[in-house]
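Asks: Show me how the following folds:
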Amino acid sequence: MITPGDYEALKAHTKTLRQVSSYGLAFIAVIGAALVVWVFWLSFIRTCKLKTNIASNRTSESAPLLNPDQLQTDLQRDHTAISDSDTSLCSVCANLDFHKIFLDGIPLKEEILLGSLSSILEKSYQCSFCRLISFHVRRTWRLDKFPHVDLSEIVFGMYSKNCGCLREPFYKPTFRCHRLRIVRTKDPGGLWKRHLDLGEESPLTIHLLQEDAIKFGRPADLHGRRVKDTVDIGLVQKWISLCRGNHRNKCSNIWKMDRKLPGFVRVVDVVSMAVVPAPSGCRYLALSYVWGSIGADYWTTKDNIVERSTPGGLNVSTLPETISDSILFVRKFGERYLWIDALCIIQDDALDKSIQLRAMDLVYGLSHLTIIAAGCTTVQDPLPGYRPRTRTLQQHIEVIQGLHLYVAAPRLREALAQSTWSTRCWTYQESALSCRRIYFTGPQVYFHCKCDIFCEDIVAESKYNRSSSSFLWLSVAESFPFATPISSYIGAVDSYTRRHLTVESDIVDAFTGVTNALAMAFELDDPARAFQHGMMLPDMHITLLWQHDPQTPRARRLLPDGASSPWPSWAWTAWRGGILYQGAFVYLRIRMGMSSDEPSVDEPLVDPWYIVNLSGNTVKLDVRQVSFVVLRENEEKYAYSASRGILDPTELTLDIHRPLEPGTLIFTTTCSRFGIARRVSEESSTFFHGLFDILSTTSFPPIWVGTAILPLEPALPSSLDFIVLSRTDSHNMSVYDRDVLRDYSGCLLNVMAVGQDEGLMERVGLGVIHEAAWVASRPEKKVVFLR
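Replies: Numbering: from 1, shown residues only. Just a heads-up that it's a prediction; the model follows:
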């Protein structure tokens, strides 16, 4: 019950509250007005700044576009940050109808100009679409190293790229546009090629996320997918299931037959945590990774093999992170066995190591799946994406006109080009021989088999369809083997020799898996007979025609103790650096031979061949004699004919005081001496090999009769000895004086420039000489001992 006193007190309190309320409302009104003025002022300032930025179309001198500190910050932050509402667009991008673009597409011939690169970079802090372009540029270019380069001359344009189709669609579009390609339409100074870090392997592509596919009445196929902090194990399992179901025998081992691991091969049992003999017919995974420069504390050795062979003998917590993460991944993946070289080979047992290394073709060729730790620089690095915060995502997403667009992470080939893993010789065969590979890279995980390629950021999973096509197929990794043994061999040598070895004496061992696989796949006889010193002997006429990468100095490989190379000069394994097999066009411009191309041999001109084997015995080689020479009616016979015939045993030895070394090639051919002159050309000053004119010394003035590629250092004499190997075609090329020497099919001879010492010859370089000039030089028939 309220008393009269309480009632009066309540009235007084109510009056006080009314006064406070009135004061509060007045205060709120003042604050609200101030906020309105403040928002209006910010909007005005922002509009002015945007207009200023749009008007500017050149690099700002007072504030560099690419501040190195800002670049580093942009690349290190998490690029999956997404704005759920449209941000501002500049005047150029605001005029674009992205819905119509993704619906109808933009043909290449009707590309839309976006403006100069400098203006795009300047507007990237206000315009969301310019920001997508800027992110890619900052990720792939080396502009932080060239902060003052003028970018105003580079103009960008945009058109649509057809993604392909994974299934017969219920709709019949004339163009399936799920992605946009940003290209340079003007680059007069060549800045793009000079400063782009990854070359044309890094296209600027913008994708549409799968959640927007329904807006265009399309399935999610080949649209973008959000990449998470860790890889989805179920997604990887789906990839393998699709491969096994769709491709069947196409993704079987390269021998196309049932084979089993030899009984001496060990595997890691990830359940019992022990190194055990591989159970007969077991399904296992293999690991390919970079060792790095760390010590041998985690290796399997003679001292710990017994302990590691018992259940629980392997302690995953003491292993390097690449290995421990791979073991845990396999266990979570639902598999039991994993092959890891450091654990499954007794590293300090030379005999065990030799036996195991000769089985690498089987170890990787028969693996159910090979885990490739491409994002790791050493074995101490975690497997990217297996555990949280172990990879740096590069999927930058912007919402533009209600559509979720993102700049794609590097495609597989680009991602591998950036990796330390792809620079190691040992890892080449580990990838090339594997039927299925899963690549753990910094940005995301990729799956690659012989028929398909999948990745985390693109929806590409579907059942097999003959009419299927996918843009992902354009970025495959290593392919092996090819249709023929020689093309497979040439491709493998090209890829392998671009990589590096920590121990130079491993040059043959790290390639043995490839040569074993080729010998078995193409039935080339016993691998030890078909391949010696890394060279394919049955096709000796072609495999002898290798060239040094012109940017590699001519230097012999050395053994760890500093001893001279045990490999003969005619074998590429004896020399450091890249090796290329090149067609005859290389003799026009050496730069044209920067990529491998199978050399041309119309007729072998040496038969038979002999070699001193590892036991010191001279044996005859089984070299294929295939001729493509077809003389037309009334056509003259060639002026030069081969010197053939079985050599007498007395001709197979040299009158020297020491026996012939293993690897010495012995054969009969003709030898002649010609002058050489360095050709004046536009070749790069960084080249260590150059084009030389071969000059006839039997006439004055000398006649230009051929062309050779020879080392620039050390300085060569004015003339060299040459020996004939085979016949080839001129292809109407100016590699000799066509005003003096008649051109006809098969008029060129493949020749080798050699140096001589006590009857032994050594390879100096290769060239081609017109056969008429060769005959006119009166060559001497010789038994060649090529070392």
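Asks: what separates stretch 451-463 from the chain centre, distance-wise?
Replies: Distance, stretch centre to chain centre, for stretch 451-463: 20 Å (CA atoms, centre = their mean, to the nearest Å).
Asks: for stretch 332-345, that is, sorry about that
Replies: For stretch 332-345, the distance to the chain centre is 26 Å (CA atoms, centre = their mean).
Asks: Could you tell me the average pLDDT over it, please?
Replies: The pLDDT scores in stretch 332-345 average 96.
Asks: Same question for stretch 245-258.
Replies: Stretch 245-258 comes out at a mean pLDDT of 75.
Asks: Start at 285, not 1
Replies: Right, with 285 as the first residue, what we last looked at is stretch 529-542.
Asks: all strands for the stretch 635-784 of the chain, in order.
Replies: Taking DSSP state E, counting those that start in this stretch, the strands of the stretch 635-784 of the chain run over residues 653-656, 680-684, 687-691, 721-724, 729-732, 737-739, 753-754.
Asks: how about those strands, which one is nearest Ala504?
Replies: The closest of the strands of the stretch 635-784 of the chain to Ala504 is strand 687-691. By CB to CB, the value is 12.4 Å. Using the backbone N, CA and C atoms, a C-beta is placed for each residue, glycine as well.
Asks: Pull out the buried residues from the closest one.
Replies: Neighbour-count burial for strand 687-691, with 16 or more other CB atoms under 10 Å as criterion, is recorded at Leu687, His688, Leu689, Tyr690, Val691.
Asks: out of the strands of the stretch 635-784 of the chain, which comes closest to His784?
Replies: So among the strands of the stretch 635-784 of the chain, strand 653-656 is nearest, using CB to CB, at 17.5 Å.
Asks: Contacts for that closest one, please.
Replies: 524, 569-573, 610, 613-614, 622, 648, 667, 705, 711, 714-715, 718, 720-724 (CB atoms under 8 Å, 6 or more residues apart in numbering).
Asks: hmm, try it at 7 Å
Replies: 524, 569-572, 610, 613, 648, 705, 714-715, 718, 720-724 (CB atoms under 7 Å, 6 or more residues apart in numbering).
Asks: for stretch 1035-1053, same thing?
Replies: So stretch 1035-1053 is contacted by 829, 831, 853-854, 868, 871, 938, 940, 978, 989-995, 1004-1009, 1012, 1019, 1032-1034, 1068-1071 (CB under 7 Å, 6+ apart).
Asks: Among these, filter down to the buried ones and hand me the ChimeraX syntax, if you would.
Replies: Buried residues among the contacts of stretch 1035-1053 (16+ other CB under 10 Å), as a ChimeraX selection:
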select :829,831,853,854,868,871,938,978,989,990,991,992,993,994,995,1004,1005,1006,1007,1008,1009,1012,1019,1032,1033,1034,1068,1069,1070,1071
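Asks: Just the pLDDT for the closest residue to Leu938 other than its chain neighbours.
Replies: Nearest non-adjacent residue to Leu938, counting by CB to CB, 6 or more residues apart in numbering: Gly1043, 4.8 Å away. As predicted, Gly1043 sits at a pLDDT of 88.
Asks: Gly1043 - how many residues pack around it?
Replies: 13 (other CB atoms under 10 Å).
Asks: Distance check, it against Pro933.
Replies: Going from Gly1043 to Pro933 by CB to CB, to the nearest Å gives 17 Å.
Asks: If you rank every helix and strand of this protein by mean pLDDT, what lands last?
Replies: helix 352-360 (a mean of 38; mean pLDDT, DSSP states H and E).
Asks: Packing partners of the longest strand seen in the chain?
Replies: The longest strand of the chain (DSSP state E) is strand 949-962. Identification of packing neighbours for strand 949-962 by 3 or more CB pairs under 7 Å, 6 or more residues apart in numbering; DSSP states H and E yields strand 893-896, strand 927-928, strand 973-979, strand 1003-1012, strand 1064-1070.
Asks: still on that earlier bit, and the next element down the chain from the least confident helix or strand of the chain?
Replies: Sequence order places helix 375-378 as the next helix or strand after helix 352-360, per DSSP states H and E.
Asks: How about residues contacting the following helix or strand past that following helix?
Replies: Using DSSP H and E, the helix or strand that follows helix 375-378 in sequence is helix 382-388. If you take CB under 7 Å, 6+ apart as the criterion, helix 382-388 is touched by Ser444, Cys461, Leu492, Phe500, Ile684, Gln685, Leu687.
Asks: follow-up on the earlier one: any chance of the strands of the stretch 635-784 of the chain in a markdown table, with mean pLDDT and distance to Phe382 too?
Replies: Listed next are the strands of the stretch 635-784 of the chain as a markdown table, based on pLDDT from 0 to 100; distance: least, CB to CB, whole Å:
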| stretch | mean pLDDT | distance to Phe382 |
| --- | --- | --- |
| strand 653-656 | 97 | 37 |
| strand 680-684 | 93 | 6 |
| strand 687-691 | 93 | 5 |
| strand 721-724 | 96 | 32 |
| strand 729-732 | 95 | 28 |
| strand 737-739 | 92 | 24 |
| strand 753-754 | 66 | 23 |
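Asks: Which one, of the ones you listed, ends up nearest to Pro546?
Replies: strand 653-656 (18.3 Å).
Asks: returning to that earlier point: quick check: of the contacts of helix 382-388, which has the highest neighbour count?
Replies: Leu492 leads the contacts of helix 382-388 on contacts (other CB under 10 Å) with 25 neighbours.
Asks: Pretty sure Ala868 sits against Arg1011.
Replies: No: in this structure Ala868 lies outside contact range of Arg1011 using CB atoms under 7 Å: 11.8 Å.
Asks: Show me what the closest residue to Ser1061 other than its chain neighbours is bridged to.
Replies: Sequence neighbours aside, Ser956 is the residue nearest to Ser1061 in space, at 4.3 Å (criterion: CB to CB, 6+ apart). With DSSP bridges as the criterion, Ser956 is bridged to Phe1006.
Asks: who's in contact with Ser956?
Replies: Phe1006, Trp1058, Ser1061, Pro1063, Glu1064.
Asks: With Phe724 instead?
Replies: Ile656, Ala657, Ala658, Gly659, Leu667, Pro668, Gly669.
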